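In: Quick one, structure for this:
(one chain, ligands or ions: 1)
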Amino acid sequence: MGVEGKKALVTGASRGIGRAVSVALAAAGADVAINYSSDSGGAEETLRMVREKGVDAFIARADVSEYEGASSMFKDILARWGRLDILVNNAGITRDQLLARMKPDDWDSVLRVNLTGAFNCARLAARPMMRNRWGRIVNMASVAGIAGNPGQVNYSAAKAGLIGMTRTLARELGPFGVTVNAVAPGLVETGMIRDIPAKAKEDLMSRIPLGRVATVDDVAGSVMFLASDAGSYVTGHVLVVDGGLTA
Ligand code: NAP
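Out: Here you go, the predicted structure:
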(Lines give C-alpha, C1' and ligand atoms only; values in the text may rest on other atoms or scores of the structure.)
Protein backbone atom coordinates (compact mmCIF):
# COMPACT_ATOMS: atom_id res chain seq x y z
CA MET A 1 0.00 0.00 0.00
CA GLY A 2 3.03 2.25 0.06
CA VAL A 3 3.14 2.61 3.84
CA GLU A 4 5.86 0.00 4.43
CA GLY A 5 8.55 1.45 6.67
CA LYS A 6 6.60 4.68 7.20
CA LYS A 7 6.48 6.09 10.72
CA ALA A 8 2.97 6.69 12.01
CA LEU A 9 1.45 8.26 15.12
CA VAL A 10 -2.14 7.35 16.01
CA THR A 11 -3.68 9.42 18.80
CA GLY A 12 -6.31 7.82 21.04
CA ALA A 13 -5.08 4.34 20.18
CA SER A 14 -5.82 2.55 23.47
CA ARG A 15 -9.09 1.13 22.12
CA GLY A 16 -11.82 1.52 19.52
CA ILE A 17 -11.08 3.06 16.15
CA GLY A 18 -7.55 4.16 17.10
CA ARG A 19 -6.58 0.60 17.96
CA ALA A 20 -8.00 -0.72 14.66
CA VAL A 21 -6.15 1.96 12.68
CA SER A 22 -2.89 1.15 14.50
CA VAL A 23 -3.23 -2.56 13.71
CA ALA A 24 -4.15 -1.86 10.06
CA LEU A 25 -1.12 0.42 9.63
CA ALA A 26 1.12 -2.23 11.20
CA ALA A 27 -0.36 -4.98 9.00
CA ALA A 28 0.63 -2.85 6.00
CA GLY A 29 4.19 -2.52 7.35
CA ALA A 30 4.18 0.88 9.05
CA ASP A 31 5.87 1.45 12.41
CA VAL A 32 3.39 2.84 14.92
CA ALA A 33 3.52 5.16 17.94
CA ILE A 34 0.48 4.42 20.07
CA ASN A 35 -0.88 7.45 21.90
CA TYR A 36 -3.37 7.48 24.77
CA SER A 37 -3.91 9.58 27.88
CA SER A 38 -5.29 7.35 30.66
CA ASP A 39 -6.15 3.76 29.62
CA SER A 40 -2.71 2.18 30.04
CA GLY A 41 -4.05 -1.40 29.95
CA GLY A 42 -5.76 -0.71 26.64
CA ALA A 43 -2.62 0.89 25.21
CA GLU A 44 -0.55 -2.15 26.23
CA GLU A 45 -3.02 -4.41 24.45
CA THR A 46 -2.81 -2.29 21.29
CA LEU A 47 0.98 -2.45 21.53
CA ARG A 48 0.84 -6.22 21.73
CA MET A 49 -1.47 -6.46 18.69
CA VAL A 50 0.69 -4.08 16.66
CA ARG A 51 3.97 -5.80 17.54
CA GLU A 52 2.43 -9.10 16.43
CA LYS A 53 2.62 -7.69 12.90
CA GLY A 54 6.40 -7.49 13.19
CA VAL A 55 6.84 -3.71 13.07
CA ASP A 56 8.50 -1.28 15.47
CA ALA A 57 5.99 0.13 17.93
CA PHE A 58 5.93 1.96 21.23
CA ILE A 59 3.55 3.74 23.55
CA ALA A 60 3.59 7.52 23.39
CA ARG A 61 1.54 8.72 26.32
CA ALA A 62 0.27 12.29 26.28
CA ASP A 63 -2.90 14.27 26.79
CA VAL A 64 -3.06 15.72 23.28
CA SER A 65 -5.10 18.69 24.50
CA GLU A 66 -2.03 20.00 26.38
CA TYR A 67 0.51 21.52 24.02
CA GLU A 68 3.48 20.89 26.32
CA GLY A 69 2.62 17.21 26.74
CA ALA A 70 2.04 16.74 23.01
CA SER A 71 5.32 18.51 22.31
CA SER A 72 7.32 16.20 24.56
CA MET A 73 5.63 13.18 22.90
CA PHE A 74 6.81 14.46 19.51
CA LYS A 75 10.34 14.93 20.89
CA ASP A 76 10.34 11.24 21.88
CA ILE A 77 9.03 10.14 18.49
CA LEU A 78 11.58 12.20 16.58
CA ALA A 79 14.39 11.03 18.88
CA ARG A 80 13.48 7.41 18.09
CA TRP A 81 12.68 7.64 14.38
CA GLY A 82 14.06 10.98 13.19
CA ARG A 83 10.87 11.60 11.25
CA LEU A 84 7.10 11.22 11.24
CA ASP A 85 5.26 10.36 8.00
CA ILE A 86 1.67 9.68 9.02
CA LEU A 87 -0.42 11.37 11.72
CA VAL A 88 -3.89 10.09 12.53
CA ASN A 89 -5.65 12.61 14.78
CA ASN A 90 -8.15 10.21 16.28
CA ALA A 91 -8.31 11.05 20.01
CA GLY A 92 -11.79 12.17 20.94
CA ILE A 93 -14.34 12.36 23.73
CA THR A 94 -18.04 13.13 24.08
CA ARG A 95 -19.85 14.96 26.88
CA ASP A 96 -23.40 14.97 25.50
CA GLN A 97 -26.12 17.23 26.85
CA LEU A 98 -28.78 19.52 25.44
CA LEU A 99 -27.63 23.13 25.21
CA ALA A 100 -29.53 24.46 28.23
CA ARG A 101 -28.04 21.78 30.46
CA MET A 102 -24.55 21.67 29.08
CA LYS A 103 -21.91 22.80 31.54
CA PRO A 104 -19.29 25.21 30.22
CA ASP A 105 -16.66 22.64 31.30
CA ASP A 106 -18.24 20.05 29.00
CA TRP A 107 -18.03 22.50 26.13
CA ASP A 108 -14.39 23.28 26.92
CA SER A 109 -13.15 19.73 27.41
CA VAL A 110 -14.71 18.43 24.18
CA LEU A 111 -13.29 21.35 22.19
CA ARG A 112 -9.90 20.90 23.82
CA VAL A 113 -9.51 17.18 23.11
CA ASN A 114 -11.24 16.87 19.71
CA LEU A 115 -10.14 20.14 18.13
CA THR A 116 -7.22 21.69 20.03
CA GLY A 117 -5.66 18.22 20.39
CA ALA A 118 -5.69 17.77 16.61
CA PHE A 119 -4.30 21.29 16.12
CA ASN A 120 -1.48 20.62 18.60
CA CYS A 121 -0.44 17.39 16.88
CA ALA A 122 -0.80 18.80 13.34
CA ARG A 123 1.35 21.78 14.30
CA LEU A 124 4.03 19.52 15.77
CA ALA A 125 3.92 17.09 12.81
CA ALA A 126 3.96 19.72 10.06
CA ARG A 127 7.62 20.73 10.26
CA PRO A 128 9.12 17.21 10.06
CA MET A 129 6.70 16.30 7.27
CA MET A 130 7.41 19.48 5.29
CA ARG A 131 11.13 18.87 5.69
CA ASN A 132 10.72 15.42 4.09
CA ARG A 133 8.37 16.72 1.41
CA TRP A 134 5.99 13.86 2.26
CA GLY A 135 3.30 13.44 4.83
CA ARG A 136 -0.21 12.28 5.52
CA ILE A 137 -2.53 13.77 8.13
CA VAL A 138 -5.91 12.09 8.66
CA ASN A 139 -8.34 13.78 11.07
CA MET A 140 -11.15 11.75 12.66
CA ALA A 141 -14.22 13.95 12.26
CA SER A 142 -17.85 12.76 12.44
CA VAL A 143 -21.09 13.16 10.53
CA ALA A 144 -22.12 15.23 13.59
CA GLY A 145 -19.74 17.88 12.27
CA ILE A 146 -21.61 17.96 8.96
CA ALA A 147 -25.27 17.47 9.83
CA GLY A 148 -25.44 18.41 13.52
CA ASN A 149 -26.97 16.28 16.24
CA PRO A 150 -29.18 17.38 19.17
CA GLY A 151 -27.33 16.92 22.47
CA GLN A 152 -23.93 17.29 20.85
CA VAL A 153 -23.42 21.02 20.37
CA ASN A 154 -19.89 20.76 21.78
CA TYR A 155 -18.96 17.65 19.79
CA SER A 156 -20.49 18.77 16.49
CA ALA A 157 -18.84 22.19 16.80
CA ALA A 158 -15.48 20.51 17.46
CA LYS A 159 -15.86 18.13 14.51
CA ALA A 160 -17.06 20.92 12.19
CA GLY A 161 -13.98 22.86 13.31
CA LEU A 162 -11.83 19.87 12.51
CA ILE A 163 -13.26 19.78 8.99
CA GLY A 164 -12.43 23.48 8.54
CA MET A 165 -8.94 22.82 9.86
CA THR A 166 -8.55 19.92 7.42
CA ARG A 167 -9.40 22.09 4.41
CA THR A 168 -7.12 24.94 5.47
CA LEU A 169 -4.18 22.67 6.25
CA ALA A 170 -4.63 20.89 2.90
CA ARG A 171 -4.01 24.25 1.23
CA GLU A 172 -1.12 25.21 3.52
CA LEU A 173 0.73 21.91 3.42
CA GLY A 174 -0.07 20.65 -0.09
CA PRO A 175 2.86 22.52 -1.67
CA PHE A 176 5.15 20.51 0.63
CA GLY A 177 3.81 17.10 -0.39
CA VAL A 178 1.66 16.71 2.69
CA THR A 179 -1.98 15.66 2.24
CA VAL A 180 -4.59 16.47 4.90
CA ASN A 181 -7.95 14.75 4.91
CA ALA A 182 -10.77 13.89 7.29
CA VAL A 183 -12.81 10.75 7.83
CA ALA A 184 -16.36 11.35 9.06
CA PRO A 185 -17.90 8.18 10.50
CA GLY A 186 -21.54 7.79 11.40
CA LEU A 187 -22.27 5.27 14.15
CA VAL A 188 -19.32 3.00 14.98
CA GLU A 189 -19.45 0.04 17.39
CA THR A 190 -17.14 1.28 20.18
CA GLY A 191 -17.42 2.29 23.82
CA MET A 192 -18.21 5.82 22.66
CA ILE A 193 -21.76 4.90 21.59
CA ARG A 194 -22.44 2.73 24.65
CA ASP A 195 -24.36 5.47 26.45
CA ILE A 196 -26.67 6.43 23.58
CA PRO A 197 -30.20 5.58 24.83
CA ALA A 198 -31.56 2.39 23.20
CA LYS A 199 -34.47 4.27 21.63
CA ALA A 200 -32.20 6.86 20.01
CA LYS A 201 -29.90 4.09 18.74
CA GLU A 202 -32.84 2.21 17.25
CA ASP A 203 -34.03 5.38 15.57
CA LEU A 204 -30.59 6.02 14.08
CA MET A 205 -30.27 2.40 12.94
CA SER A 206 -33.55 2.62 11.08
CA ARG A 207 -32.09 5.48 9.04
CA ILE A 208 -28.90 3.64 7.97
CA PRO A 209 -29.41 2.23 4.46
CA LEU A 210 -26.76 -0.44 5.02
CA GLY A 211 -28.75 -1.57 8.07
CA ARG A 212 -25.90 -1.85 10.57
CA VAL A 213 -23.46 0.27 12.53
CA ALA A 214 -19.86 0.46 11.30
CA THR A 215 -17.17 -1.79 12.66
CA VAL A 216 -13.88 -0.21 13.65
CA ASP A 217 -12.34 -1.97 10.65
CA ASP A 218 -14.77 -0.22 8.27
CA VAL A 219 -13.33 3.07 9.50
CA ALA A 220 -9.71 1.86 9.54
CA GLY A 221 -10.04 0.88 5.87
CA SER A 222 -10.90 4.45 4.92
CA VAL A 223 -8.00 5.84 6.96
CA MET A 224 -5.69 3.39 5.19
CA PHE A 225 -6.91 4.61 1.78
CA LEU A 226 -6.05 8.21 2.70
CA ALA A 227 -2.70 7.25 4.27
CA SER A 228 -1.61 4.99 1.42
CA ASP A 229 -0.47 5.48 -2.18
CA ALA A 230 -4.05 4.88 -3.33
CA GLY A 231 -5.01 8.25 -1.83
CA SER A 232 -1.95 10.19 -2.88
CA TYR A 233 -3.86 12.75 -5.03
CA VAL A 234 -6.63 13.27 -2.48
CA THR A 235 -6.34 16.25 -0.12
CA GLY A 236 -8.77 18.53 1.70
CA HIS A 237 -11.40 15.80 1.43
CA VAL A 238 -13.96 14.62 3.98
CA LEU A 239 -14.60 10.92 3.50
CA VAL A 240 -18.01 10.08 4.97
CA VAL A 241 -18.18 6.52 6.33
CA ASP A 242 -21.74 6.24 7.60
CA GLY A 243 -23.47 3.40 5.75
CA GLY A 244 -25.55 6.00 3.93
CA LEU A 245 -26.98 7.67 7.07
CA THR A 246 -26.52 11.19 5.65
CA ALA A 247 -26.86 10.26 1.96
P1 NAP B 1 -13.21 5.45 22.22
O2 NAP B 1 -13.34 3.99 22.07
O3 NAP B 1 -13.81 6.13 23.38
O4 NAP B 1 -11.65 5.83 22.13
C5 NAP B 1 -11.22 7.15 22.30
C6 NAP B 1 -9.72 7.17 22.37
O7 NAP B 1 -9.28 8.52 22.56
C8 NAP B 1 -9.17 6.36 23.52
O9 NAP B 1 -8.02 5.67 23.10
C10 NAP B 1 -8.79 7.43 24.55
O11 NAP B 1 -7.73 6.97 25.35
C12 NAP B 1 -8.35 8.55 23.63
N13 NAP B 1 -8.32 9.86 24.26
C14 NAP B 1 -9.32 10.51 24.88
N15 NAP B 1 -8.89 11.69 25.35
C16 NAP B 1 -7.58 11.78 25.02
C17 NAP B 1 -6.59 12.77 25.22
N18 NAP B 1 -6.85 13.92 25.87
N19 NAP B 1 -5.33 12.54 24.74
C20 NAP B 1 -5.04 11.39 24.11
N21 NAP B 1 -5.95 10.42 23.88
C22 NAP B 1 -7.20 10.62 24.34
O23 NAP B 1 -13.81 6.19 20.95
P24 NAP B 1 -13.88 5.78 19.39
O25 NAP B 1 -15.28 5.50 19.08
O26 NAP B 1 -12.83 4.81 19.03
O27 NAP B 1 -13.54 7.22 18.76
C28 NAP B 1 -12.36 7.52 18.08
C29 NAP B 1 -12.58 8.77 17.26
O30 NAP B 1 -13.64 8.53 16.31
C31 NAP B 1 -13.01 9.98 18.08
O32 NAP B 1 -12.40 11.15 17.57
C33 NAP B 1 -14.51 10.03 17.86
O34 NAP B 1 -15.01 11.33 18.02
C35 NAP B 1 -14.59 9.56 16.42
N36 NAP B 1 -15.91 9.05 16.05
C37 NAP B 1 -16.46 7.98 16.70
C38 NAP B 1 -17.73 7.54 16.33
C39 NAP B 1 -18.42 6.37 17.00
O40 NAP B 1 -19.60 6.12 16.72
N41 NAP B 1 -17.74 5.59 17.84
C42 NAP B 1 -18.43 8.19 15.30
C43 NAP B 1 -17.84 9.27 14.67
C44 NAP B 1 -16.57 9.69 15.05
P45 NAP B 1 -7.61 7.24 26.94
O46 NAP B 1 -8.93 6.92 27.54
O47 NAP B 1 -6.49 6.38 27.34
O48 NAP B 1 -7.27 8.67 27.03
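In: Show me which residues of stretch 83-96 are buried.
Out: Within stretch 83-96, the residues that count as buried by 16 or more other Cβ atoms under 10 Å are 84-96. Backbone N, C-alpha and C define where each C-beta goes, glycine included.
In: Which pair of those spans the longest distance?
Out: For those, with distances taken as Cβ to Cβ, the pair at the greatest spread is Asp85 and Asp96 (34.9 Å).
In: May I ask which helix or strand encompasses the spatially closest residue to Asn114 that is not a sequence neighbour?
Out: The spatially closest residue to Asn114, leaving aside those adjacent along the chain, is Ala158, at 3.8 Å (Cβ to Cβ, 6 or more residues apart in numbering). Using DSSP states H and E, Ala158 sits within helix 153-173.
In: Outside of that helix itself, list whatever touches it.
Out: Helix 153-173 is contacted from outside by 89, 94-96, 99, 102, 106-107, 110-111, 114-115, 118-119, 122, 126, 129-130, 135, 137, 139-142, 144-146, 148-149, 179-182, 184, 235-238, using Cβ atoms under 8 Å, 6 or more residues apart in numbering.
In: restrict these to contacts with the ligand.
Out: By Cβ under 6 Å from any ligand atom, the members of the contacts of helix 153-173 lying near the ligand are Asn114, Met140, Ser142.
In: residues touching the second one, list them.
Out: This points to Met140. Neighbouring residues of Met140 by Cβ under 8 Å, 6+ apart: Gly12, Ile17, Val88, Asn89, Asn90, Gly92, Leu162, Ala182, Val183, Pro185, Val219, Val223.
In: Might you report the residue contacts of Ala8?
Out: Going by Cβ under 8 Å, 6+ apart, Ala8 touches Ser22, Leu25, Ala30, Asp31, Val32, Ala33, Leu84, Asp85, Ile86, Leu87, Val88, Ala227.
In: and it, what are its bridge partners?
Out: Counting by DSSP bridges, Ala8 is bridged to Val32, Ile86.
In: and stretch 166-184, which residues are buried?
Out: For stretch 166-184, a neighbour-count test (16+ other Cβ under 10 Å) marks Thr166, Leu169, Ala170, Leu173, Val178, Thr179, Val180, Asn181, Ala182, Val183, Ala184 as buried.
In: Ranking helices and strands of this protein by mean pLDDT, which lands last?
Out: Taking mean pLDDT, DSSP states H and E as the measure, the chain has helix 198-206 as its least confident helix or strand, at a mean of 88.
In: just how off-centre is it within its chain?
Out: When distances are taken as Cα atoms, centre = their mean, to the nearest Å, helix 198-206 is centred 25 Å away from the chain's centroid.
In: who does that helix touch, helix- and strand-wise?
Out: Judged by 3 or more Cβ pairs under 8 Å, 6 or more residues apart in numbering; DSSP states H and E, helix 198-206 is in contact with no other helix or strand.
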